[in-house]
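**Student:** return a 3D structure for these sequence lines:
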Amino acid sequence: METQNNSTPRDVFMYLLAIITLVASCIAWGSVLFDMVNVYLPDVTQAGSWYFQSILSSLRMGLATLIIVFPIFVWLTRTLNKDLEISPERRESIIRKWLLYFTLFVAALFVIGDLVSVLRSFLNGELTTRFLIKSVIILAIAGSAFSYYLSYLRWQNIRWAGILSKIIIVAIIASMVFGFYISGSPLKSRNERMDQTRISDLQNIQQQIVNYWQSKTKIPTILSELDDSISGFIVPVDPETGMDYEYKVGAVMAGSRATFELCATFKTASIVNTFAPAPTPIKMGLIDPSSGADNWDHSSGRSCFSRSIDPQLYPPRVK
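**Tutor:** Okay, here's the model as predicted:
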């Protein structure tokens, strides 16, 4: 009866919160490690700028989760361990055992789900190296969690559990440090978003120039000619400086191809240039397939994009 009385609402709250933070920490840690693998072993069929942008976004989300959730989990675990040292009879608490077994159950579901996801990726043609590394990551996370909690549940090999917990803490901290190295500082992230806005602006301007060409069989001499009060289009400007983007009209090429050039000043290099050994153009709508017009990769500083409109691909509209 004494054992039952030692299971207080506080214990239930602490164990439930420990379960939640454990699962969240495992998922976030696995996500961070998976993103690292995806960065340095990219899928060659998807290694475009959008691919790396999504990876970095996922990596930052995983890091944010680890920074908040994992310290809470560590504090809860240490607090519960101290409670057991002070009151050893709590080790036989029914509520404690139920909640710990439930923790193992949730961890098992997490492992099974991730293994299914990795196997699905493998069946979809993932590189064997990526598949093996991700499998090892899942087994390492699952094995450490199971090993620790089985020792914790049975109160056996407590010394080994303590050593394992320290190894896990060091590994997670190392993962976070390396993750920040990959993702960069908040300032770098902000500059990347600014550059993405610049690329989006240039793409919109390019599309409007093509529409102008199809309507008038010529391209505008200055960008302000694209302003349209009816459609509501206003030529965008640099989001940071408020300056107009550079626009130059080129000579008419053979076959009546109109040429032009758009320029902007970027704070960072394209993400695809940072990580991928062989940059893949971003498919944003071809103007001339031979000109690489769908490629918006850029370096830091001033970069220009030359375009030529193929009249066979974009013929003038019949009036």
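
**Student:** any idea how far Thr221 is from Trp213?
**Tutor:** Taking CB to CB, to the nearest Å as the measure, Trp213 falls 13 Å from Thr221. Just so you know, the C-beta spots here come from the backbone N, C-alpha and C atoms, and that holds for glycine as well.

**Student:** intersection of neighbour lists for these two?
**Tutor:** Common neighbours of Trp213 and Thr221, using CB atoms under 8 Å, 6 or more residues apart in numbering, do not exist here.

**Student:** between those two, point out the one with more neighbours.
**Tutor:** Between Trp213 and Thr221, counted using other CB atoms under 10 Å, the more crowded position is Trp213 (21 against 9).

**Student:** so how far is Cys263 from the more buried one?
**Tutor:** Distance of Trp213 to Cys263, given as CB to CB: 19 Å.

**Student:** where's Cys26, which helix or strand?
**Tutor:** Using DSSP states H and E, Cys26 maps to helix 9-40.

**Student:** please apply the same query to Ile205.
**Tutor:** helix 186-216.

**Student:** what separates the next helix-or-strand element following that helix from the chain centre, distance-wise?
**Tutor:** Downstream of helix 186-216, the first helix or strand assigned by DSSP H and E is strand 246-249. Relative to its chain's centre, strand 246-249 lies at 35 Å (CA atoms, centre = their mean, to the nearest Å).

**Student:** tell me which strands and helices strand 246-249 is in contact with?
**Tutor:** The contact analysis (3 or more CB pairs under 8 Å, 6 or more residues apart in numbering; DSSP states H and E) places strand 246-249 against strand 258-266.

**Student:** any regions of the stretch 101-250 of the chain where pLDDT drops low?
**Tutor:** The stretch 101-250 of the chain contains residues with pLDDT under 70 at 107, 110-111, 114, 121, 125-128, 152-161.

**Student:** go again using 80 as the cut-off
**Tutor:** For the stretch 101-250 of the chain, the stretches with pLDDT under 80 are 101-132, 135, 139, 142-143, 145-165, 184-185.

**Student:** can you list contacts of stretch 54-73?
**Tutor:** 17-18, 21-22, 24-25, 27-29, 31-32, 35-36, 38-39, 172, 175-176, 179-180, 182-183, 189, 192, 271.
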